[in-house]
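Participant: Below: sequence and its predicted model.
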Amino acid sequence: MHRRTPPPSSSAPRVGAVLTALTAAAALLITGITPVAAAPAAPATVEPGGIAAWGWGYYGQTRLPTDPGEIVSVAAGSFHSLALRDDGTLLAWGSDRSGQTAVPADLKPVVSMAAGWIHSLALQNDGTVVGWGSNERGETDPPADLDDAVAVSAGEQFSLALREGGTVTAWGKNTTGSNAVPAGLTGVTAISAGDVHSLALKDDGTVVAWGTAGSPQVDGLPSGLDDVVAVSAGWDHSLALTSDGMVVAWGSNEYGQISVPADLTDVVAVSGGARHSLAMKQDGTLVAWGSNEDGQLVQPSGLGIPTAIDAGGYHNIALGARPALSADAPPATATVGQDYSYAFGADPSTYAYTVVSGALPAGLALSQQGVLAGTPTESGPSTFTVAAVNRYGRTIGAAHTITVAQAPAEPTLSGAAPVGRIGSSYDFAYTVGGFPAPTVSLASGSLPQGLTLSSEGRLTGTPTAAGTSTFTVLAENASGSARMSTTLEVTPGFAGPTIEGAAPDGTVGTAFDYGYTATGYPTPAFVALTELPPGLALDTATGRLTGTPTAAGTFTFTVAATNDFGRNQTVDTVTIAAAATAPTLSGIAAAGVVGTAYDSTYTVTGSPAPTVTVVAGTLPPGLALAASGRLTGTPTTAGTFAFTVQARNSAGAARAVSTVTVSPQKTATKADLRVDLSAPTSAVKGGTFTYSLITRNAGPATATSVYSKVILPSGVQFVSATGTYTRVGSIVIFHRPSLAVGRTVTERITVRATSTGTGTALASTLSVKTPDPSIRSNADTAATTVR
């Protein structure tokens, strides 16, 4: 087998390399773990930023660059190392002889990465993969159609990518078969590339290995291994982590790399190097076995509790945990001149607290120990954020706002109320001081008729009687009170009228009574300037609109209030419904399927519109009946369900017995599309109005190549539409490449009414590629009457 030999180091020359470019689970991020043991101490540097590296460092792969930033993931290659920052950028260090640490400047935000022998891979947030470093065997040239990757792994001179559908794509060197993905391999959840072999973890917990035929790391795969949760491929050995926290190893044992310690349990992460293996336990303890020629088996001192691990060729990397905030809720209020104190809290690894954004209230300070204390000197709100810092980085807490109130003060009260006039709006505010804000009230005397005094000291209203009023106003708070006497004169006055009111809707044959209100002096009279709804009359003295409606429809009319000083009018619209008729209820509820969106509507008539409810039996679980008679939801249980539905209004009730059979969930990929079209019920000729088209996907799968179409009625003229559309005459078509499950898309079409009458627009939707389990909701109409 062809081997690569690294440059000389403090150890004997060693061949080839690497390893474990991580599966989705191979270097797990763990939270909430507590160390109970640690390996023997060994010299190492745990840099700020949360990374520790130990083992062979000839090329600087164990020397972290200064100021690495906020690191969230790490990867160890053969002669280099990678780290992913929380902003999606990459940091690389170590050997760059093949350009493997020359991170491309134009990378999109990265979500994961892999370090191989002498090349590197980055998975971008759009599902594409970028490679750099050695490309001798095409290992940094991913296939052009690879745009749905969810994980990557880098081997000796080949690369792997796990795709969204659970399949694996490989490229690069294939002389040993490490690049030959088994035909028909699906259901993969994790991958790992070694030196000359590859591993894949399937969703049923089994492992598939391929590469050099006859090699122990491939052919030695234990039989019956079906509860695996993570895999890692070393140089020429393989590791698997089972669901019970145990490690299974196979392949070469020349250096003891598959001799798993007998007492090793509670493992949460594994990683295979060139000649050694590394495991992390639930309590944060690291355990390593195999070759220790470069000290890669000994956990360094000061490491603390790791949250992620990765074994490189002959070195290891661990990511440490940031502080865990335990107290991050300072009191939200304070008072000028009164002492304030609150202690932020975090786990014992924290060595400092700092304000990372905003500003503290004037007079308060935050100590290194996390105590926020002092005496506020200025009132008002202050917003800030505190972070706890340890050697692995910092944890930023929540944003806090402390509002500092001013110190208590006795009330003050002043102001001279101006003269008022009958019929004229009056508004005067006393000047009120003190803290907390005093409450103002009338202590004695009487206010002028038509005026009121608010608790804030505002005297408002419309005087209704002339004369002079003398009264005493009181302002009081917890610190004291203040009084003052006021004499207010109201003189006679004249004012033009105002009118207000919006009459309710009515029903043919039902008595109608509504009163408009008017102000002004002299008292205004009421007059109808346009025709009223048939059967109704306006009382000119009281402004009451009364009678018994005789015709249904929507009526717009103008009512005015008038006196010697002018006229004021309001335009009102009243809808008169037809006389009440008893409900009718019909329709057969459609069958349903577990997990598939359901939509069935009963046919309901009657006036006023009946309310539909279930009065007996039980609906299928997951379905709900709307008051309109629409039965919708997503069935959760298979079976046959009988129930009685009732439609009721003021004129009576009607019932219907329904039986719905819900079938077990189908496995076929389908997408239940629904379209809803709405428009105003009425419009004016020459004016514009808008149709609203809503397309939904109730699932269970994403719909592809979705078309939504609206056929406009005669009597309207297309003006504009939102989104991307195609118009052919009176047909407007919207197209989307895909519509995800649960997604809703809204488009709007604006038209101009060109002739009177009632026109009905028709909307429909379909996917030309994804089957629709129910087309009952794939069409809708909207009617508009143009006057």
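Facilitator: Ah, there it is.

Participant: beta partners of residue 342?
Facilitator: As for beta bridges, residue 342 partners with residue 372 under DSSP bridges.

Participant: lowest average confidence, helix or strand, in the chain?
Facilitator: None of the helices or strands of the chain scores lower by mean pLDDT, DSSP states H and E than strand 46-47, at a mean of 40.

Participant: List the contacts of stretch 631-641.
Facilitator: Outside stretch 631-641, the residues that touch it by Cβ atoms under 8 Å, 6 or more residues apart in numbering are 589, 592-602, 617-626, 659-665, 698-699. The way it works is simple: take the backbone N, C-alpha and C, and place the C-beta from them, glycine included.

Participant: I'd like the next helix or strand past the least confident helix or strand of the chain.
Facilitator: Downstream of strand 46-47, the next assigned helix or strand under DSSP states H and E is strand 51-55.

Participant: Partner strands of that next one, with direction?
Facilitator: Counting by DSSP bridges, strand 51-55 is paired with strand 46-47 (antiparallel), strand 315-320 (antiparallel).

Participant: and among those strands, the most buried is which?
Facilitator: Highest mean neighbour count among the strands paired with strand 51-55 (mean count of other Cβ atoms under 10 Å): strand 315-320, with a mean of 28.

Participant: Please save the CA atoms from that one in PDB.
Facilitator: Presented in PDB, the C-alpha positions along strand 315-320 are these (Å, rounded to 0.1, in the frame of the first residue of the first chain):
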ATOM      1  CA  HIS A 315      -1.900  15.200  17.700                       C
ATOM      2  CA  ASN A 316      -5.200  16.000  19.300                       C
ATOM      3  CA  ILE A 317      -7.400  19.000  19.600                       C
ATOM      4  CA  ALA A 318     -10.100  19.700  22.300                       C
ATOM      5  CA  LEU A 319     -12.600  22.500  22.500                       C
ATOM      6  CA  GLY A 320     -13.400  23.800  26.000                       C
END
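
Participant: Buried residues, the helix or strand following that strand. List them.
Facilitator: As assigned by DSSP H and E, the chain's next helix or strand after strand 315-320 is strand 325-327. Buried residues in strand 325-327, defined by neighbour count with 16 or more other Cβ atoms under 10 Å: residue 325.

Participant: Show me what strand 325-327 is packed up against.
Facilitator: Helices and strands touching strand 325-327, by 3 or more Cβ pairs under 8 Å, 6 or more residues apart in numbering; DSSP states H and E, are strand 345-346.

Participant: Residues in contact with the strand it packs on: which ones?
Facilitator: Residues contacting strand 345-346 (Cβ under 8 Å, 6+ apart): 323, 324, 325, 326, 327, 328, 353, 370, 388, 395.

Participant: Could I get the full set of helices for the stretch 401-550 of the chain?
Facilitator: Ranges of helices within the stretch 401-550 of the chain: none, based on DSSP state H, counting those that start in this stretch.

Participant: Quick check: buried residues in stretch 743-762?
Facilitator: 745, 747, 749, 751, 753, 759, 761.

Participant: tell me which element the second one is part of?
Facilitator: Pointing back at residue 747 there. Short version, using DSSP H and E: residue 747 is in strand 744-753.

Participant: tell me the angle the helix or strand just after that strand makes with strand 744-753.
Facilitator: Where DSSP H and E defines the elements, the next helix or strand beyond strand 744-753 is strand 757-767. Relative orientation of strand 757-767 and strand 744-753, computed by axes from the mean of the first three to the mean of the last three Cα atoms, to 10 degrees: 150 degrees.

Participant: ok, then the element right after strand 757-767?
Facilitator: strand 779-786.

Participant: related to what we said a few turns ago, now, the contacts of stretch 631-641 that are in strands?
Facilitator: The strands, defined by DSSP state E, take in 592-593, 598-601, 617, 623-625, 659-663, 698-699 from the contacts of stretch 631-641.

Participant: Could you identify the buried members of those residues?
Facilitator: Looks like the ones in strands among the contacts of stretch 631-641 have 592, 593, 598, 599, 600, 601, 623, 625, 660, 662, 698, 699 buried, using 16+ other Cβ under 10 Å.

Participant: From these, pick the one nearest residue 553.
Facilitator: Checking these against residue 553 with Cβ to Cβ, the nearest one is residue 601 at 26.6 Å.

Participant: The closest one contacts residue 586, correct?
Facilitator: No. Taking contacts as Cβ atoms under 8 Å, residue 601 lies outside contact range of residue 586: 11.0 Å.

Participant: For the stretch 551-700 of the chain, which segments are assigned as strands?
Facilitator: 553-563, 566-577, 581-586, 592-593, 598-601, 603-607, 611-617, 623-625, 630-633, 639-649, 652-663, 671-678, 682-683, 688-700 (DSSP state E, counting those that start in this stretch).

Participant: Deepest-packed of the ones you listed, please.
Facilitator: With a mean of 24, the top stretch among the strands of the stretch 551-700 of the chain by mean neighbour count (mean count of other Cβ under 10 Å) is strand 592-593.

Participant: Thanks a lot, catch you later.
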